[in-house]
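# Sharing a sequence plus its predicted fold:
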Amino acid sequence: MIELYYGSGACSLVPHVGLEAIRAATGEAFEPRPLKLHKGEQRSPEYLELNPLGLVPLLVVDGKPLSQILAICDYLDRRYPQAGLLPADPWQRAQAMSTFAWMNNTVHPTFTHIFRSQNFAAGEAAQAEVRQIAQGMFRGHLERIQGMTEKAAPFLLGEKLSFIDAYALVFLRWGGLAGIDPASLPTYKAYVDRLAAVPAVAAAIAREGIKLDTYQKK
């Protein structure tokens with residue numbers, strides 16, 4: 001049995017989309033295990049026993065936990081290659097993993113500096129400076145992804161939906177939370193709107209109860 005612990009709107013949407021795509025391709029079901037991150041359920045003793053880091057996503061396979069998004073997605077692709085969530089060709093797969101790793105180790109932590117600036121500076125003035133710098137950096141990352149979406153055919157890796165597409169969707173949503181109007185990234189926004197209509201993506205979005213546009217004008 002496969003279980004996915006996730007938080008609505010978190011990066012765990014990436015394997016969530018992947019598992020829906022796997023279900024569509026193979027008929028293999030999974031058990032969704034939602035955690036209310038705003039209520040701290042990821043810090044409960046029961047969850048910490050599975051994942052001492054207290055983070056999502058967490059994949060549990062026959063009772064065995066696996067954390068970290070890159071490891072989870074790599075495992076899912078290797079177990080269910082018929083879903084085509086990463087390229088089969090070794091060079092193309094390596095290129096895809098390079099982009100995936102950049103998203104995970106650069107784009108994602110930049111947003112963390114915006115959303116949790118208190119973890120990186122003491123005092124409101126210092127935290128505001130951290131947020132301002134990180135927002136500019138995050139905008140730059142989104143513009144780079146927009147450049148990728150301009151070549152989407154129709155997905156970032158070609159004809160098949162991938163984990164990288166799902167991560168790109170997550171980042172544009174987060175951009176709205178960071179005060180970045182998605183309308184200012186029109187090609188990216190159009191791509192995400194198309195992506196959200198893909199059945200596997202739509203199913204994960206519906207289960208998590210999230211909206212794509214999180215931007216609020218001040």
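Arrived safely, thanks for sending. Numbering: from 1, shown residues only.
# What number of residues are in the vicinity of the closest residue to residue 56 other than its chain neighbours?
Once flanking residues are discounted, residue 56 sits nearest to residue 12: 4.3 Å by Cβ to Cβ, 6 or more residues apart in numbering. Every C-beta, even on glycine, is put in place using the N, C-alpha and C of the backbone. A count of nearby residues for residue 12, using other Cβ atoms under 10 Å, gives 26.
# Please determine how far residue 12 is located from residue 214.
For residue 12, the distance to residue 214 equals 17 Å [Cβ to Cβ, to the nearest Å].
# Which segments of the protein make up each domain?
2-83, 90-197 (automatic domain parsing).
# quick one: which of the ones you listed is nearest residue 209?
Residue 209 lies closest to domain 2-83 among those, at 6.0 Å (Cβ to Cβ).
# Can you check the distance spanned by that closest one, start to finish?
16 Å (Cα to Cα, to the nearest Å).
# could you give me the average pLDDT of that domain?
Averaging pLDDT along domain 2-83 yields 98.
# Show me how far it is from its chain's centre.
In terms of Cα atoms, centre = their mean, to the nearest Å, the centre of domain 2-83 is set 12 Å apart from its chain centre.
# again, but for stretch 111-128
22 Å.
# quick one: buried residues of that stretch?
Across stretch 111-128, burial judged by 16 or more other Cβ atoms under 10 Å covers 111, 113, 114, 117, 127.
# Quick one: name whatever helix or strand follows the strand or helix carrying the second one.
By that I understand residue 113. According to DSSP states H and E, residue 113 maps onto helix 108-115. Next helix or strand after helix 108-115 toward the C-terminus (DSSP H and E): helix 124-149.
# on contacts alone, who are the packing partners of that next one?
helix 108-115, helix 163-177, helix 186-196 (3 or more Cβ pairs under 8 Å, 6 or more residues apart in numbering; DSSP states H and E).
# Pull out the buried positions in that helix.
127, 130-131, 134-135, 137-139, 141-142, 145-146, 148-149.
# what about that helix, distance to the chain center?
17 Å.
# mean confidence for that helix?
pLDDT averaged over helix 124-149 gives 97.
# what's the answer for stretch 195-205, then?
Computed over stretch 195-205, the mean pLDDT rounds to 98.
# Can you list the buried residues in it?
195, 198, 200, 201, 203, 204, 205.
# got the contact list for the fourth one?
Residues counted as contacts of residue 201 (Cβ atoms under 8 Å, 6 or more residues apart in numbering) are 17, 20, 161, 165, 166, 169, 195.
# From residue 180, how far off is the third one?
Translated: residue 161. 25 Å.
# Mind putting the domains of the chain into a markdown table with distance to residue 209?
Listed next are those as a markdown table, based on distance: least, Cβ to Cβ, whole Å:
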| stretch | distance to residue 209 |
| --- | --- |
| domain 2-83 | 6 |
| domain 90-197 | 13 |
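# about what we covered before: from the contacts of residue 201, keep the buried residues only.
Using 16+ other Cβ under 10 Å, the buried ones in the contacts of residue 201 are 17, 20, 161, 165, 166, 169, 195.
# now stretch 109-121, how far from the chain's geometric center?
The answer for stretch 109-121 is 17 Å, by Cα atoms, centre = their mean.
# swap in stretch 184-198?
Distance, stretch centre to chain centre, for stretch 184-198: 15 Å (Cα atoms, centre = their mean).
# Then stretch 101-120?
On Cα atoms, centre = their mean, the centre of stretch 101-120 falls 13 Å from the chain's centre.
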